[in-house]
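In: how would this look folded up:
(one chain, ligands or ions: 1)
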Amino acid sequence: MEDNVKKLIQYSAIKPTGSLTLGSYLGAIKNWCGLCSEYSSIFCIADMHSITIRMDPAVLRRNTLEQLAYYIASGLDPEKCIFYIQSHVHEHAELSWVLGCYSMFGELSRMTQFKDKSAKNADNINGGLFTYPVLMAADILLYNTDIVPVGEDQRQHVELCRDIANRFNGVYGETFKLPKAVLPKVGAKVMSLTEPDKKMSKSDDSDAGSILLKDTDEVIMRKFKRAVTDCETCVRFDAENKKGVSNLMAIYSCVTGKSFDEIEREFDGKGYGVFKPAVGEAVCDTLRPIREEANRILADKAYLESVYAEGARKASQIASRTLSKVYKKVGFVKKP
Ligand code: TYM
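Out: Model (predicted):
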């Protein structure tokens, strides 16, 4: 990493529970790319976070490598950033245990994502689902993180991480930096194309509401043409009353850099029959080079392995220093 010492640190992660979506790209990865020149950058593939739901082991392995290939293909440079797989750095699990002892049952119970996921997986409300934000706090705090670029749905977890760090610092003195969530101005919550009330999320490949980064141009165009809009015909931003159209405008704005005013003018009098394919084409133009590059990288398993091996080595160096400091503070006898 360049200028490792001087720069502030950005840290973020994505869990490989499914194929990456346009939501994770616009809400997170695109923002990471923009911040890379200014910050030292550490990006994790949060495989340990993935097993709070039942995952097919082969699918988890495939998604993990695919995700790394997409990180690199999106423009993040392995020479300048650290990329690693969470389970390769054992300090995550260890710090998570310590922090769990400084996290309150009440605050974990209030996490929106815990409540949502418990409702969706009523037959599998496991301990991991409940303590998930503690592991996420450990991820962030191990690396002296200054900023955490995430989408809207992760803001609450980053705030909880600050609360846990603050509580620990209050007992043992300054130990952790307090990280700040950084959200993109547009794209922090990309909604489903078929149910614009719901977040676009990683799910099975057949979901018409989610654009996957690995979707072909043809599939992307078909999904946009079928996107839910409303019974008016005008392209106008109104997040309350025109959810579908506003979501498409936000996506279009993210991939073209155009403002909502410019978009309204561009499609004035043109109707959704012109607007929806235009959004689809702009998304295809953005994702095509990324997809092609990711496929090329994925074919080179030796290269991928060298990236995550080196990443784990660098990440472990930083993480072990933090963990030693924490163990000392809480009173664990140093291992000879
Ligand atoms: P995950 O894997 O659900 O999502 C990864 C990132 O993508 C963002 N995102 C979205 N942004 C906008 N619109 C959407 N529809 C959309 N869907 C996803 C998320 O906000 C997130 O930034 N717990 C985390 C992963 C994690 C993590 C961390 C993040 C583990 N450890 C440490 C930051 C720091 C998660 O489940 O994100």
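
In: How about the backbone phi and psi for the residue in the stretch 1-150 of the chain positioned nearest to the ligand?
Out: Of all residues in the stretch 1-150 of the chain, G27 sits closest to the ligand, at 1.9 Å by Cβ to the nearest ligand atom. Just so you know, the C-beta spots here come from the backbone N, C-alpha and C atoms, and that holds for glycine as well. In terms of degrees, to the nearest 10, the main-chain angles of G27 are phi -80, psi -30.

In: Can you give me the neighbour number for A28?
Out: By other Cβ atoms under 10 Å, the residues close to A28 number 24.

In: right, I mislabeled it, should have said V134
Out: When counting by other Cβ under 10 Å, one arrives at 23 neighbours for V134.

In: the helices in the protein, which residues?
Out: Applying DSSP state H to the chain gives helices spanning 22-24, 30-35, 47-50, 57-73, 91-100, 105-109, 112-120, 127-141, 155-172, 217-225, 243-256, 260-266, 272-298, 301-330.

In: Please see if the shortest one touches the ligand.
Out: Right, helix 22-24. Yes: against the ligand, helix 22-24 shows contacts by Cβ under 6 Å from any ligand atom at G23, S24.

In: What are the contacting residues of that helix?
Out: Here helix 22-24 makes contact (Cβ atoms under 8 Å, 6 or more residues apart in numbering) with 14, 151, 189-190, 199-202, 210-213, 251, 283, 287.

In: Which ones, among those residues, also lie beside the ligand?
Out: Filtering the contacts of helix 22-24 for proximity to the ligand by Cβ under 6 Å from any ligand atom leaves I14, G151, K189, V190, K199, M200, S201.

In: Quickly note the distance from the second one to Q113.
Out: In this structure, G151 and Q113 are separated by 12 Å, where distance is defined by Cβ to Cβ, to the nearest Å.

In: So which of those two has more stuff around it?
Out: When neighbours are counted by other Cβ under 10 Å, G151 and Q113 differ, and G151 comes out ahead with 21 against 14.

In: what about the nearest residue to that one once chain neighbours are set aside, how many neighbours?
Out: Using Cβ to Cβ, 6 or more residues apart in numbering and skipping the chain neighbours, the partner closest in space to G151 is G27 (3.0 Å). For G27, the neighbour count with other Cβ under 10 Å is 26.

In: Could you verify my assumption that G27 touches G187?
Out: Yes: between G27 and G187 there is a contact under Cβ atoms under 8 Å: 5.6 Å.

In: Return every residue with contacts to both of these two.
Out: Common neighbours of G27 and G187 (criterion: Cβ under 8 Å, 6+ apart): G151.

In: just the ones next to the ligand among the contacts of helix 22-24: which has the poorest pLDDT?
Out: Ranked by pLDDT, these bottom out at S201, which scores 91.

In: thinking A278 is in contact with Y252, fair?
Out: Yes: in this structure, A278 is within contact of Y252 by Cβ under 8 Å, at 7.3 Å.

In: Now do the same contact list for the residue of the stretch 201-336 of the chain found nearest the ligand.
Out: Proximity of the stretch 201-336 of the chain to the ligand (Cβ to the nearest ligand atom) peaks at S201, 5.9 Å away. Counting by Cβ under 8 Å, 6+ apart, S201 touches G18, T21, G23, S192, S210.

In: hmm, which two among the residues you listed are most spread apart?
Out: Spatially, the most separated pair among the contacts of S201 is G18 and S192, at 13.8 Å (Cβ to Cβ).

In: So these two - more neighbours on which side?
Out: Per other Cβ under 10 Å, whichever of G18 and S192 has more neighbours is S192, with 24 against 21.

In: which ones are touching that one?
Out: Going by Cβ under 8 Å, 6+ apart, S192 touches K198, K199, M200, S201, G209, S210.

In: nearest spatial neighbour of it, skipping sequence neighbours?
Out: Here the residue nearest S192, using Cβ to Cβ, 6+ apart, is G209, at 3.4 Å.

In: now swap in I263 and tell me
Out: Of all residues not flanking I263 in the chain, M249 sits nearest, at 5.4 Å (Cβ to Cβ, 6+ apart).

In: again, but for M221
Out: G280 (4.5 Å).

In: likewise E232?
Out: Nearest non-adjacent residue to E232, counting by Cβ to Cβ, 6+ apart: K242, 7.2 Å away.
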